[in-house]
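Need the 3D shape of this:
(one chain, ligands or ions: 1)
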Amino acid sequence: MAKFDERVNILGLSRRAYEEAADLEGRSRALGRLYRQVFAEGRFEPGSAAIAKEAAARLAARFEVRLPAVESVVEEEGPLGTTAKALLRLADGERVECVRIPTAHRGPEPAPAALCVSSQVGCRMACAFCESGRRGLARNLRPEEIVGQYAAARLSLGWDIGKIVFMGMGEPLDNFEGLAGALAVFLDASGPAFAQENLTVCTVGLPRGIARLKSLGLKRLNLAVSLNAPDDGLRSELMPANRAVGLEALAAALRLYPQRRNFTLAVNYCLIPGRNDGRGAEQGVAAFLRAAAPPGRAFVNLIPYNPGSAAIGRAPNEAEIEDMTRRLLAAGVLVKLRSPRGRGLMAACGQLGRVKG
Ligand code: SF4
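You can find the predicted model right below:
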């Protein structure tokens, strides 16, 4: 909540919320132009708009655009293009990371990248394989700080972004207000104007959060859940959040989520050889998918484990990845293999969060 003497950062407001806060009757077009300018150019200059001087001064006193400062960027070349991780400093000195992930393209031109954004500073889910989880939760990010990562990526760094993935530091459903506020801005036709299908929320699986996400009514929004284990025992070891909500309850919550017939659930499985690829693991995964989604309406993203600073295993080799893929397919599971991008940058899955040192 902004203090009374602080200006409101427009990056956290949908056009409607901004116009309501501006309270300038009959000036919707001029306000809309100023709003578009914020996202196109990172500027908010009411003096340049077709409104009375006094009203412009009031707007200038009330609103501002504040992007996080880019502290550093590291890049790594890969087969699909450049993966880049940006370290951003927020107004209170906290730091978050966002990652530009190249996506597959068909024509000669590179496709716009996906931006993996953080939703919290740190995370309290304490997943054993994750750098952010080791730090614990410092605080939630406000909508403008989530959208600010996109604004900095586009306007400060010049990155071409076509998709947003809530898969950086933090559990987005543990910061529902921040997530919902950011989604409203990302989807605003006068602002970033993303299509719902280009936004993905990735969660450990918090049933209340899943139900609240559904209540937003975003029928084409993508949802991904991190499974990472074939049974409750191992999942609770790797992902302590599972102790409160077991696989059965999680699958039941996911069953209730779809808002359209062809909704397809993504199930992320971080492959840690010797930990979660034991005999019969594929059957556990297949059983979860059957419980969580109608036939053919869920698939597994198999993600090779990226050892972090306190590794709990090693990265799988090609043969281990192929073996798990083959077993999952034989168990009737649709599998997509996600090649690790940015492993050398500590920018791959589970590696964000080392922002202090
Ligand atoms: S994997 Fe995600 S939910 Fe788990 S600790 Fe890391 S940031 Fe949090």
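
For this protein, just list every one of the helices.
With DSSP state H as the criterion, the chain has helices at 15-22, 28-41, 53-62, 131-135, 143-151, 176-186, 207-215, 232-238, 247-255, 281-292, 318-330.

Would you reformat those helices as JSON lines and include mean neighbour count and mean pLDDT?
Glycine gets a C-beta too; all of them are placed from N, C-alpha and C. Converted to JSON lines, the helices of the chain look like this (neighbours: other Cβ atoms under 10 Å; pLDDT from 0 to 100):
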{"stretch": "helix 15-22", "mean neighbour count": "18", "mean pLDDT": "94"}
{"stretch": "helix 28-41", "mean neighbour count": "17", "mean pLDDT": "94"}
{"stretch": "helix 53-62", "mean neighbour count": "15", "mean pLDDT": "92"}
{"stretch": "helix 131-135", "mean neighbour count": "22", "mean pLDDT": "82"}
{"stretch": "helix 143-151", "mean neighbour count": "27", "mean pLDDT": "98"}
{"stretch": "helix 176-186", "mean neighbour count": "22", "mean pLDDT": "98"}
{"stretch": "helix 207-215", "mean neighbour count": "16", "mean pLDDT": "97"}
{"stretch": "helix 232-238", "mean neighbour count": "17", "mean pLDDT": "97"}
{"stretch": "helix 247-255", "mean neighbour count": "18", "mean pLDDT": "98"}
{"stretch": "helix 281-292", "mean neighbour count": "20", "mean pLDDT": "98"}
{"stretch": "helix 318-330", "mean neighbour count": "15", "mean pLDDT": "96"}
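
To Pro110, which of those lies closest?
Evaluated over the helices of the chain, closeness to Pro110 peaks at helix 143-151, with 18.4 Å, by Cβ to Cβ.

What lies in contact with that closest one?
With contact meaning Cβ atoms under 8 Å, 6 or more residues apart in numbering, helix 143-151 is reached by 9-13, 39, 42, 65-68, 86, 88, 90, 96, 98, 115, 117-119, 161, 164, 168, 177-182, 184-186, 192.

likewise stretch 172-186?
Defining contact as Cβ under 8 Å, 6+ apart, one finds that stretch 172-186 is touched by 11-14, 17, 117, 119-120, 123-125, 137, 140-143, 145-147, 150, 164, 166, 191-192, 194, 199, 201-203, 206, 208-210, 212-213, 216, 218, 221.

what does the protein have sitting close to the ligand?
Counting by Cβ under 6 Å from any ligand atom, the chain comes close to the ligand at 123, 125-127, 130, 132-133, 169-171, 204, 350.

per-residue pLDDT, whichever residue of the stretch 201-350 of the chain sits closest to the ligand?
When you check the stretch 201-350 of the chain against the ligand by Cβ to the nearest ligand atom, the closest residue turns out to be Val204, at 4.6 Å. Predicted confidence (pLDDT) for Val204: 95.

dump the residue contacts of Gly133.
123, 125-127, 353.

run the last query once more with 10 Å
Applying Cβ atoms under 10 Å, 6 or more residues apart in numbering, one finds that Gly133 lies in contact with 122-127, 169-171, 204, 239-241, 308, 350, 353.

ok, Ser14 - how many residues close by?
Neighbour count for Ser14, taken as other Cβ atoms under 10 Å: 21.

How about Arg100?
Arg100 sits with 25 neighbouring residues when counted by other Cβ under 10 Å.

OK, contacts around the residue nearest to Gly205 when sequence neighbours are not counted?
The shortest distance from Gly205 to any non-neighbouring residue, by Cβ to Cβ, 6 or more residues apart in numbering, is to Leu250 (4.3 Å). Applying Cβ under 10 Å, 6+ apart, we find Leu250 in contact with 203-207, 210, 225, 227, 232, 235, 241-242, 288, 291-292.

repeat for Ile161
Contacts of Ile161 (Cβ under 10 Å, 6+ apart): 98, 100-101, 112-115, 117, 149-150, 153-154, 192, 194, 198.

can you pick the most crowded of the residues of the chain next to the ligand?
Per-residue neighbour counts (other Cβ under 10 Å) across the residues of the chain next to the ligand peak at Gly170, which has 31 neighbours.
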